[in-house]
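> I need the structure of the sequence given here:
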Amino acid sequence: MIGKSVTVIVDRPLGSYHPEHTDMYYPINYGYVEGIMAADGEEQDAYILGVDKAVNEFTGKIIAIVQRKEDVEEKWVVAPEDKIYTKQEIWEQIYF
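Okay, the predicted model is just below:
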């Protein structure tokens, strides 16, 4: 999947709060890839890096796949085609 281009539908834009866990702030855009089902039975979750404003949708390339301890499914990390991030930079941006 790394390097593949996908479109992420953003349901938690940069600057928003989780609808149920109101103390969880989203410092990056977060959403899902429509039509791709993840292990939790929901559409594939994705973090978007390299976009510094809230967006409704974003098309970019998958640059990483992460597994959070509290989740059963993997999350994809998507960025603009011309952006490169180190492992450390990715973790710093998605650790919230």
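> Could you pull up the contacting residues of the spatially most central residue of the chain?
With distances taken as CA atoms, centre = their mean, residue 47 lies nearest the centre of the chain, 1.0 Å away. Shown in contact with residue 47 (CB atoms under 8 Å, 6 or more residues apart in numbering): 28-30, 66, 75-78, 93-94. Where C-beta positions appear, they are placed from N, C-alpha and C, glycine not excepted.
> The helix or strand containing it pairs with which strands, parallel or anti?
Secondary structure from DSSP states H and E places residue 47 in strand 43-48. Partner strands for strand 43-48, per DSSP bridges, with pairing direction: strand 29-37 (antiparallel), strand 74-79 (parallel).
> just checking, what packs against the helix or strand harbouring residue 62?
According to DSSP H and E, residue 62 maps onto strand 57-67. In terms of contacts (3 or more CB pairs under 8 Å, 6 or more residues apart in numbering; DSSP states H and E), strand 57-67 is packed against strand 5-12, strand 29-37, strand 43-48, strand 74-79, helix 87-94.
> CSV for these, including mean pLDDT and distance to residue 55?
Listed next are those as CSV, based on pLDDT from 0 to 100; distance: least, CB to CB, whole Å:
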stretch, mean pLDDT, distance to residue 55
strand 5-12, 98, 6
strand 29-37, 97, 6
strand 43-48, 97, 8
strand 74-79, 96, 12
helix 87-94, 95, 16
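> so which of those gets nearest residue 60?
Residue 60 lies closest to strand 74-79 among the helices and strands packed on strand 57-67, at 4.5 Å (CB to CB).
> Using PDB, list the CA coordinates for the closest one.
Only the C-alpha atoms of strand 74-79 are listed here, as PDB (Å, rounded to 0.1, in the frame of the first residue of the first chain):
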ATOM      1  CA  GLU A  74      -4.100  -0.100  11.100                       C
ATOM      2  CA  LYS A  75      -4.200   3.500  10.200                       C
ATOM      3  CA  TRP A  76      -2.800   4.900   7.000                       C
ATOM      4  CA  VAL A  77      -0.700   8.100   6.900                       C
ATOM      5  CA  VAL A  78      -1.300  10.100   3.700                       C
ATOM      6  CA  ALA A  79       0.700  13.100   2.500                       C
END
